[in-house]
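> task: produce atomic coordinates for the following.
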Amino acid sequence: MSDTTKSGQDFEAAASRNETVAQFEDTRRGFVGQVQHILHNNPSMVPLTVLVAAILIFGLLLGSKFFSPFAMTLILQQVQIVGIVAAAQSLVILTAGIDLSVGAIMVFSSVIMGQFTFRYGIPTPVAVVCGLAMGTAIGALNGWLVSKVKLPPFIVTLGMWQIVLATNFLYSANETIRSQDIETEASFLQFFGSKFSIGGATFTVGVVFMLLLIIVLAYALKHTAWGRHVYAVGDDPEAAELSGVNVHKTLMSVYMLSGLICAFAGWALIGRIGSVSPTSGQLANIESITAVVIGGISLFGGRGSILGSLFGALIVGVFTLGLRLMGADAQWTFLLIGLLIIAAVAVDQWIRKVSG
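You can find the predicted model right below:
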């Protein structure tokens with residue numbers, strides 16, 4: 001037998017052994033691989049499953065008290081602000097960043113709207129536009145510092161949170177514009193708090209805006225070039241740059257849009273609480289990050305669905321209302337939400353490990 005023939009047989013034998021091993025490993029990891037594949041392609045499936053399970057459990061425990069149209073729509077009303085801010089936070093986290101200034105931008109934008117109307121006598125619609133422009137401008141500054149100056153998003157937005165919060169208190173002189181004054185002189189500021197009923201369920205304009213915002217952003221992220229660029233930048237900015245993506249332009253658009261959405265959240269906040277208060281929305285930063293993490297959006301960027309952030313906000317709302325109706329201590333809500341946060345991050349790490 002020639003050396004060439006022997007070598008060919010050895011190669012075929014080795015290939016046969018490798019194929020056997022490969023088949024064995026595929027069989028062993030078949031189920032795990034299928035689960036990972038499903039979760040990887042449908043990142044919002046986990047929070048949706050948790051949400052449905054929570055609703056069913058509280059429904060069985062509380063009956064019609066929880067399943068009533070009033071209770072269901074009350075959850076939506078309670079999470080509308082968090083849901084809007086979480087949408088803004090989701091965009092930034094998808095680029096592997098984080099925005100700790102979202103709550104401050106929201107509140108300061110609402111203060112601008114109120115103060116411009118009552119302090120300077122500016123027509124309310126114009127004052128609202130000024131507030132929206134202010135939120136967008138702060139977002140643009142965040143984006144420029146992150147994308148052009150190359151500063152870490154955590155540091156940039158942490159500093160901006162302090163700056164905007166301090167500016168908010170200094171400018172407003174810690175003055176609250178009362179609900180009664182807004183109702184009589186500038187009711188347009190409370191537009192997002194307007195209510196309407198459908199089949200016994202009461203909705204607000206803020207809830208409708210939150211749902212429409214999530215739908216529009218979900219479509220844009222999945223079906224437009226801009227959305228693909230956002231995911232590409234979050235997954236690997238250097239590879240995205242080499243493939244022709246303008247990373248600077250993409251990051252600027254994300255942070256500016258985040259600031260604009262937060263400004264809309266500030267407008268919705270006025271409608272929700274009825275007044276313009278510089279001290280409102282203090283926990284918006286943490287609540288938005290909580291909704292995003294529970295919603296299955298990876299903190300490492302490049303993976304997740306913005307629908308998940310809505311499911312995450314609703315999960316918090318369901319647990320909060322369900323435990324309150326059961327008469328449980330409020331600390332149980334924080335305990336369960338904390339466990340969900342850790343579990344969500346663990347699932348994300350598991351998916352990445354298996355897919356790797």
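> show me which residues of the helix or strand hosting L217 are buried.
Under the criterion of DSSP states H and E, L217 resides in helix 205-223. Neighbour-count burial for helix 205-223, with 16 or more other CB atoms under 10 Å as criterion, is recorded at 205-207, 209-210, 213-214, 217-218, 220-221. Glycine gets a C-beta too; all of them are placed from N, C-alpha and C.
> next SSE downstream of it?
Counting by DSSP H and E, what follows helix 205-223 is helix 225-235.
> which other helices and strands contact that next one?
For helix 225-235, the contact count by 3 or more CB pairs under 8 Å, 6 or more residues apart in numbering; DSSP states H and E identifies helix 69-94, helix 205-223, helix 237-242, helix 247-273 as packing neighbours.
> and for the third one, what's in contact with it?
By CB atoms under 8 Å, 6 or more residues apart in numbering, the list of residues contacting helix 237-242 from outside reads 96, 229, 232-233, 247, 250.
> try 10 Å this time
By CB atoms under 10 Å, 6 or more residues apart in numbering, the residues outside helix 237-242 that reach it are 95-96, 147, 228-234, 236, 245-248, 250-251, 301-302.
> now the buried members of these.
Buried among those (16+ other CB under 10 Å): 95-96, 147, 229-234, 245, 247-248, 250-251, 301-302.
> and the furthest pair within the residues you listed?
Of all pairs drawn from these, the widest gap by CB to CB lies between H248 and G302 and measures 17.6 Å.
> could the helices and strands packed on helix 225-235 be laid out in CSV, adding distance to L314 and mean pLDDT?
Formatted as CSV, these follow (distance: least, CB to CB, whole Å; pLDDT from 0 to 100):
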stretch, distance to L314, mean pLDDT
helix 69-94, 6, 93
helix 205-223, 10, 96
helix 237-242, 32, 94
helix 247-273, 16, 97
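> ok but F203 is inside a strand, no?
Yes. Using DSSP: H, G, I helix; E, B strand; the rest coil, the assignment for F203 is a strand.
> now for the helix holding L217, which elements pack on it?
helix 69-94, strand 195-198, helix 225-235, helix 247-273, helix 306-325 (3 or more CB pairs under 10 Å, 6 or more residues apart in numbering; DSSP states H and E).
> okay if I get the helices and strands packed on helix 225-235 as JSON lines plus distance to D181?
Output for these, formatted as JSON lines (distance: least, CB to CB, whole Å):
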{"stretch": "helix 69-94", "distance to D181": "22"}
{"stretch": "helix 205-223", "distance to D181": "20"}
{"stretch": "helix 237-242", "distance to D181": "48"}
{"stretch": "helix 247-273", "distance to D181": "12"}
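> out of these, which is closest to P153?
Taking the helices and strands packed on helix 225-235 one by one with CB to CB, helix 69-94 is closest: 7.0 Å.
> only alpha carbons, please: show the helix or strand following that closest one as CSV.
Sequence-wise, the next helix or strand downstream of helix 69-94 (DSSP H and E) is helix 102-118. This file holds the C-alpha atoms of helix 102-118, laid out as CSV (Å, rounded to 0.1, in the frame of the first residue of the first chain):
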residue,chain,number,x,y,z
VAL,A,102,-33.1,59.7,31.7
GLY,A,103,-35.0,60.6,34.9
ALA,A,104,-33.4,64.0,35.3
ILE,A,105,-34.0,64.8,31.6
MET,A,106,-37.7,63.8,32.1
VAL,A,107,-38.2,66.0,35.1
PHE,A,108,-36.3,69.0,33.8
SER,A,109,-38.2,68.9,30.5
SER,A,110,-41.5,69.0,32.4
VAL,A,111,-40.2,71.9,34.5
ILE,A,112,-39.2,73.8,31.3
MET,A,113,-42.7,73.3,30.0
GLY,A,114,-44.4,74.5,33.2
GLN,A,115,-42.0,77.4,33.9
PHE,A,116,-42.0,78.7,30.3
THR,A,117,-45.8,78.7,30.5
PHE,A,118,-46.3,80.3,33.9
